[in-house]
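Peer 1: Sequence and predicted structure below; questions after.
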Amino acid sequence: MDPFIRDLPKAELHMHIEGSLEPELMFQLAQRNDIELPYGSVEEIRAAYEFSNLQDFLDIYYAGAGVLQTEQDFYDMTWAYLERAKADTVRHVEIFFDPQTHTDRGIAFETVVTGIHRALVDGRDELGISFRLILCFLRHLSAEAAMHTLEMALPYREWITAVGLDSSEVGHPPEKFRDVFDRARAEGFLTVAHAGEEGPPAYIEQALDLLHVERIDHGVRCLEDDALVERLREAQVPLTVCPLSNVKLRVFDRIEGHNLAHLMARGLKVTVNSDDPSYFGGYVGANYEAVANGLGLAREDLVTLARNSFEASFLSDEDKAAYVAEVEAYAAERS
């Protein structure tokens with residue numbers, strides 16, 4: 001990796017912790033928990049990571065999550081991600097977790113959140129990576145199921161900063177979860193939502209108007225609606241874009257055709273993230289490198305993306321300023 005990209009201080013705001021489960025660890029956990037996988041080797045798993053759409057990916061994603069059984073499993077998965085983040089000079093993470101993926105197969109909510117949170121605390125203390133945790137509702141399930149999940153989360157609200165919305169986007173508009181998000185905000189959670197990846201620009205508008213989100217996860221289809229682009233630009237609503245994921249899931253055919261540079265040119269607050277890095281071919285540093293090479297971004301563009309990642313975070317204004325100063329100092333040293 002280009003040393004400038006590798007060492008550039010950055011935050012990651014769109015990463016599903018279950019999507020960081022590498023095949024090697026999947027096999028280890030399957031053996032630890034006496035679970036039989038439908039694959040005979042790491043190579044077979046990687047060969048299965050060829051997707052034609054979001055649903056193809058989700059099918060194998062949910063199957064892989066089945067190896068996660070104990071608090072230690074969730075800790076080990078999260079710690080493995082944090083070590084890779086450290087190697088990419090990630091200074092702050094805001095990670096998603098999908099409790100319904102686990103509670104629906106009999107794993108206690110407490111088991112999931114405690115393992116993840118314990119690893120994040122150790123990552124802060126030992127690796128110097130600050131964090132926020134975001135609970136995502138699975139949008140292909142019912143709003144009632146999401147409300148039940150929210151209620152399970154209430155005893156852990158000090159650990160969970162925000163709620164989000166992920167899984168199959170098409171056919172599951174944000175409006176379906178309006179009551180859940182109203183309740184979440186009343187309970188003190190911030191809100192984000194996946195919108196405008198495979199779904200239409202109207203889903204982005206619904207996320208803003210009905211769910212009152214602070215950020216749009218993905219949002220790449222906003223360019224189809226000029227009025228929406230102006231609204232996002234004027235309000236500086238962050239977009240947590242995931243370039244390698246977008247190519248892997250055929251939102252764009254190749255990285256050279258990604259619209260990230262156009263989003264930036266329109267004045268939008270764009271950030272670069274890895275989404276589900278084990279499945280999509282790269283952690284956040286690889287995503288920076290992909291857009292740098294594929295779109296011809298200059299160093300100043302990469303610095304802008306890194307700066308945006310901290311400014312779009314849920315950190316305090318004081319902490320944001322400190323991290324942005326770190327980015328600016330790094331850029332100045334290498335100018």
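Peer 2: On my side now, so go ahead. Residues are numbered from 1 along each chain as shown.
Peer 1: how much distance is there from the helix or strand of the chain with the lowest mean pLDDT to the middle of the chain?
Peer 2: Among the helices and strands of the chain, helix 54-64 carries the lowest confidence by mean pLDDT, DSSP states H and E, at a mean of 77. Helix 54-64 sits 16 Å away from the centroid of its parent chain (CA atoms, centre = their mean, to the nearest Å).
Peer 1: Equivalent analysis for stretch 49-69, please.
Peer 2: 16 Å.
Peer 1: export it as CSV, just CAs?
Peer 2: Only the C-alpha atoms of stretch 49-69 are listed here, as CSV (Å, rounded to 0.1, in the frame of the first residue of the first chain):
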residue,chain,number,x,y,z
TYR,A,49,-17.3,-14.5,-2.4
GLU,A,50,-18.4,-13.7,-5.9
PHE,A,51,-21.7,-11.9,-5.8
SER,A,52,-24.0,-10.6,-8.4
ASN,A,53,-26.1,-8.5,-6.0
LEU,A,54,-26.6,-7.6,-2.4
GLN,A,55,-28.8,-10.6,-1.7
ASP,A,56,-26.2,-13.1,-2.9
PHE,A,57,-23.8,-11.6,-0.4
LEU,A,58,-26.3,-11.5,2.5
ASP,A,59,-27.0,-15.3,2.0
ILE,A,60,-23.4,-16.2,2.7
TYR,A,61,-23.0,-13.4,5.3
TYR,A,62,-25.7,-14.8,7.5
ALA,A,63,-24.5,-18.4,7.1
GLY,A,64,-21.0,-17.3,8.2
ALA,A,65,-22.3,-15.5,11.3
GLY,A,66,-23.5,-18.9,12.6
VAL,A,67,-20.1,-19.7,13.9
LEU,A,68,-20.4,-16.9,16.5
GLN,A,69,-21.7,-18.5,19.7
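Peer 1: Buried residues, the least confident helix or strand of the chain. List them.
Peer 2: Residues of helix 54-64 classed as buried: 54, 57-58, 60-62, 64 (neighbour count, 16 or more other CB atoms under 10 Å). Yep, even glycine has a C-beta here, placed from its N, CA and C like the rest.
Peer 1: Likewise for stretch 310-320?
Peer 2: Here stretch 310-320 shows 310-315, 320 as buried, counting by 16+ other CB under 10 Å.
Peer 1: closest to residue 239 among those?
Peer 2: residue 312 (8.5 Å; CB to CB).
Peer 1: The closest one touches residue 13, doesn't it?
Peer 2: Yes - proximity of residue 312 to residue 13 meets the contact threshold set by CB atoms under 8 Å, at 6.1 Å.
Peer 1: list the residues that contact both of these two?
Peer 2: Common contacts of residue 312 and residue 13 (CB atoms under 8 Å, 6 or more residues apart in numbering): 215, 238, 240, 271.
Peer 1: Confirm the last one sits in a helix?
Peer 2: Same thing as residue 271. No - looking at residue 271 with DSSP: H, G, I helix; E, B strand; the rest coil, it is strand, so not inside a helix.
Peer 1: Can you give me the distance of it to residue 124?
Peer 2: The gap separating residue 271 from residue 124 is 21 Å, by CB to CB, to the nearest Å.
Peer 1: Specify which residue of the two has the higher count of neighbours.
Peer 2: Counted by other CB atoms under 10 Å, residue 271 and residue 124 do not tie: residue 271 has more neighbours, with 27 against 15.
Peer 1: Does that one touch residue 13 like I think?
Peer 2: Yes - counting by CB under 8 Å, residue 13 is a contact partner of residue 271 at 5.6 Å.
Peer 1: No further questions, thank you.
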